[in-house]
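Engineer: Sequence isn't available, so here's the structure alone:
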């Protein structure tokens, strides 16, 4: 069974590498493993802005589960 997905709005992707560096609405930056980003996410690469879609477990691991809707 797949993890539930969490949608985090108003995220801007800053840069990439092993992880996509994303800026959250409170200006905090997190590194999201690119393989953990759901294909339905607006945020896929540097310069993207919109809703970041990741699994609930990844959000918990990154300490951002409270942002999800």
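Structural biologist: Noted; the coordinates are in hand. Every value quoted in this text rests on a predicted model; they were computed, and no experiment measured them.
Engineer: Buried residues, whichever strand in the chain runs longest. List them.
Structural biologist: Ordering each strand of the chain by length in residues (DSSP state E) puts strand 5-15 first. By neighbour count with 16 or more other CB atoms under 10 Å, strand 5-15 contains the buried residues 6, 7, 8, 11, 12, 13. The C-beta positions use only the backbone N, C-alpha and C, and glycine is treated the same way.
Engineer: Show the contacting residues for the fifth one.
Structural biologist: Residues in contact with residue 12 (CB atoms under 8 Å, 6 or more residues apart in numbering) are 22, 23, 43, 48, 49.
Engineer: Quick check: what element follows the longest strand of the chain along the chain?
Structural biologist: Using DSSP states H and E, the next helix or strand after strand 5-15 towards the C-terminus is strand 19-23.
Engineer: Can you give the distance of the lowest-mean-pLDDT helix or strand in the chain from its chain's centre?
Structural biologist: Here the helix or strand of the chain ranked lowest by mean pLDDT, DSSP states H and E is helix 56-62, holding a mean of 92. Between the centre of helix 56-62 and the centre of its chain there are 10 Å (CA atoms, centre = their mean, to the nearest Å).
Engineer: List the contacts of that helix.
Structural biologist: 3-6, 8, 30-33, 36, 54, 65, 67-68.
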